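Peer 1: just coords:
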């Protein structure tokens, strides 16, 4: 692992790192904030999965999490959203919603994507092992959250890995990847026409198929341009009701899909996770 | 004035605006955060002047001021750092420290810069008049701060305009523009070899020449790569001591020159100004 930068922030250290990923076959860049309390011993970890077009940098620079993580003693990890680099296949037309910047936190099965697009294994196995090795992380206490496509990632990965994360929340998540244009394009491109396989990458179908988490916190701006067409929070509400999973879904009046929305509610999410991390 | 974007953030509104500037002869873009309290009546204004290479966007996206401004009821205005656009002369070699992105908050007298580089008049006269007209601003209560070149701007403009701002602070300011490479290049380029004219654009020489403010707050990271060569906070300390101006100069261990430094201490500065704004 190579350190690209470390910067003191709010008493802790905001770092950016690069490593050669076995899963993606590429170099991957990610950021880690280590709070000052880590000098006294290992700290719990919150994973933040970013949305379409983002890298680690968006939330790192605009997410306003450092102050609260420094107060609560949380390590904050932000992975990239896809493999990148020479030879990594992209959307044939370079669209923003597939390929580079749009890995959807799954392991692709279709050529030419299957070789590099292994973001599920990367985020759930390879990167956690690296974080455990390189940072003062208490890996018995982890939480996960994310924004938009990353909210989809947080919800689906938490549902598929019970107990792995103490708590899961999301900011304006794609609620049902099998039932929106973004998700249909991604799932067909990465997984082909095997609809049964799609059901493992949709929070609502995972719930239908019996996957469970203790509870979910979601914030959603009601002025979000993608809410009605892509995010569809009502589908998550329905699925949670049927499954008996407690969902706190807060429609935030006037907020859009931007990092101004994410940063406004970041503190609430961090405190909510910290309570559950103990 | 044209609205480029407005986004809800922390209960207030983060806006970005463009207008045709009389002073610079160009379109100018700036940002304004209006806190939720403005619905009940005019609010005090804090001016933030940015550093070399920046636009309004750097502090707007990375400064982490919105939460505290929303709590304290402060309007936060971030101008650009220079004129920009077709026909605006730049550094002959495109260097980052002169011309575009490097207006130094003065009115140039030398060709070809004199026509557009009128950032002192722009920031002290034209833009405040526009803000007073277009926003719920209490212009009897204003404060000023800035970072690096913008810290130089905040200090020199406050010293030249007694009473205009209730309080002045700076993050890692250029303490003495006449005694550092950045400043010498800018002052000679914009003002020529008239050294008497230079003294009006240096916080320390203004203090020597009798200009006064009630007090000054400065934070400076001690791991700032520009501290020794360009910023020279000790020159401000000497000048304030000689002038009898109370200076709180805090050397912050481990912090660099980035927005992680600025955002870490932004809350302190905003609360300090809010106390003085009454």
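Peer 2: Alright, I've got the coordinates. As the structure is a computational prediction, the values presented were derived from the model and not from experiment.

Peer 1: Pull up the residues of the stretch 51-200 of chain A that are close to chain B.
Peer 2: With C-beta under 8 Å from any C-beta of the partner chain as the criterion, the stretch 51-200 of chain A meets chain B at residues A:61, A:62, A:64, A:66, A:67. Bear in mind the C-beta positions are built from the backbone N, C-alpha and C, glycine included.

Peer 1: now those as CSV including pLDDT?
Peer 2: As requested, those are arranged in CSV below (pLDDT from 0 to 100):
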residue, pLDDT
A:61, 98
A:62, 98
A:64, 98
A:66, 98
A:67, 98
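
Peer 1: Please tell me which one of these counts the most neighbours.
Peer 2: residue A:66 (25 neighbours; other C-beta atoms under 10 Å in any protein chain shown).

Peer 1: May I have the residues that are in contact with whatever residue of the stretch 1-150 of chain A ends up closest to chain B?
Peer 2: Chain B sits closest to residue A:9 of the stretch 1-150 of chain A, with a gap of 3.8 Å, by C-beta to the nearest C-beta. Shown in contact with residue A:9 (C-beta atoms under 8 Å, 6 or more residues apart in numbering or on different chains): A:33, A:66, A:70, B:260, B:261, B:263, B:264.

Peer 1: Most widely separated two among these?
Peer 2: A:33 and B:261 (14.8 Å; C-beta to C-beta).

Peer 1: if you count what's nearby, which of the two comes out ahead?
Peer 2: Between residue A:33 and residue B:261, counting by other C-beta under 10 Å, residue A:33 is the more crowded of the two (27 against 24).

Peer 1: who touches stretch A:91-103?
Peer 2: By C-beta under 8 Å, 6+ apart, stretch A:91-103 touches A:52-55, A:81-84, A:88-90, A:113, A:117, A:119, A:149, A:182, A:185-186, A:189.

Peer 1: Just the buried residues of those residues.
Peer 2: Buried residues within the contacts of stretch A:91-103, counting neighbours by 16 or more other C-beta atoms under 10 Å in any protein chain shown: A:52, A:54-55, A:81-84, A:88-90, A:113, A:117, A:119, A:149, A:182, A:185-186, A:189.

Peer 1: which residues of the stretch 51-200 of chain A fall in strands?
Peer 2: A:75-78, A:137-146, A:167-171 (DSSP state E, counting those that start in this stretch).

Peer 1: before we move on, the earlier item: output the contacts of residue A:9 as a markdown table; include the columns distance to residue B:174.
Peer 2: Shown next, in a markdown table, are the contacts of residue A:9 (distance: C-beta to C-beta, whole Å):
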| residue | distance to residue B:174 |
| --- | --- |
| A:33 | 30 |
| A:66 | 26 |
| A:70 | 29 |
| B:260 | 20 |
| B:261 | 15 |
| B:263 | 20 |
| B:264 | 20 |
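
Peer 1: Show me these that map onto helices.
Peer 2: Using DSSP state H, the subset of the contacts of residue A:9 located in helices is A:66, A:70, B:260, B:261, B:263, B:264.

Peer 1: wait, what's in contact with the second one?
Peer 2: Yep, that's residue A:70 we're talking about. Counted by C-beta under 8 Å, 6+ apart, residue A:70 has contacts A:9, A:10, A:11, A:12, A:35, A:36.

Peer 1: any idea how far the nearest residue to residue A:170 once chain neighbours are set aside lies from residue A:239?
Peer 2: Sequence neighbours aside, residue A:151 is the residue nearest to residue A:170 in space, at 3.2 Å (criterion: C-beta to C-beta, 6 or more residues apart in numbering or on different chains). Residue A:151 is 14 Å from residue A:239, where distance means C-beta to C-beta, to the nearest Å.

Peer 1: more crowded one of those two?
Peer 2: For residue A:151 versus residue A:239, the count of surrounding residues by other C-beta under 10 Å is larger for residue A:151: 30 against 20.

Peer 1: so residue A:243 sits right up against residue A:207, yeah?
Peer 2: Yes - between residue A:243 and residue A:207 there is a contact under C-beta atoms under 8 Å: 4.3 Å.

Peer 1: the more surrounded of the two?
Peer 2: residue A:207 (25 against 19).

Peer 1: Following element in sequence after the helix or strand where that one lies, please.
Peer 2: Per DSSP states H and E, residue A:207 falls inside helix A:203-208. Sequence-wise, the next helix or strand downstream of helix A:203-208 (DSSP H and E) is strand A:216-221.

Peer 1: For stretch A:203-212, which outside residues touch it?
Peer 2: A:152, A:155-156, A:159-160, A:162, A:173, A:175-179, A:198-200, A:235-236, A:238-240, A:242-243, A:245.

Peer 1: ok, and the helix or strand in chain A with the lowest average confidence?
Peer 2: Every helix and strand in chain A was compared by mean pLDDT, DSSP states H and E; the lowest is helix A:195-198, with a mean of 96.

Peer 1: So which residues make contact with it?
Peer 2: A:109, A:177, A:178, A:187, A:191, A:205.

Peer 1: One more pass at 6 Å, please.
Peer 2: A:178, A:187, A:191 (C-beta atoms under 6 Å, 6 or more residues apart in numbering or on different chains).

Peer 1: In TSV: the strands of the stretch 51-200 of chain A, plus mean pLDDT, mean neighbour count and distance to residue A:94.
Peer 2: Below are these laid out as TSV (pLDDT from 0 to 100; neighbours: other C-beta atoms under 10 Å in any protein chain shown; distance: least, C-beta to C-beta, whole Å):
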stretch	mean pLDDT	mean neighbour count	distance to residue A:94
strand A:75-78	98	26	24
strand A:137-146	98	22	24
strand A:167-171	98	28	26
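
Peer 1: For residue A:277, which of the ones you listed is the nearest?
Peer 2: strand A:137-146 (4.7 Å).

Peer 1: Show the residue spans covered by the helices in the stretch 101-250 of chain A.
Peer 2: Taking DSSP state H, counting those that start in this stretch, the helices of the stretch 101-250 of chain A run over residues A:119-121, A:127-134, A:149-160, A:181-191, A:195-198, A:203-208, A:233-243.

Peer 1: Just name the most buried of those.
Peer 2: helix A:149-160 (a mean of 28; mean count of other C-beta atoms under 10 Å in any protein chain shown).
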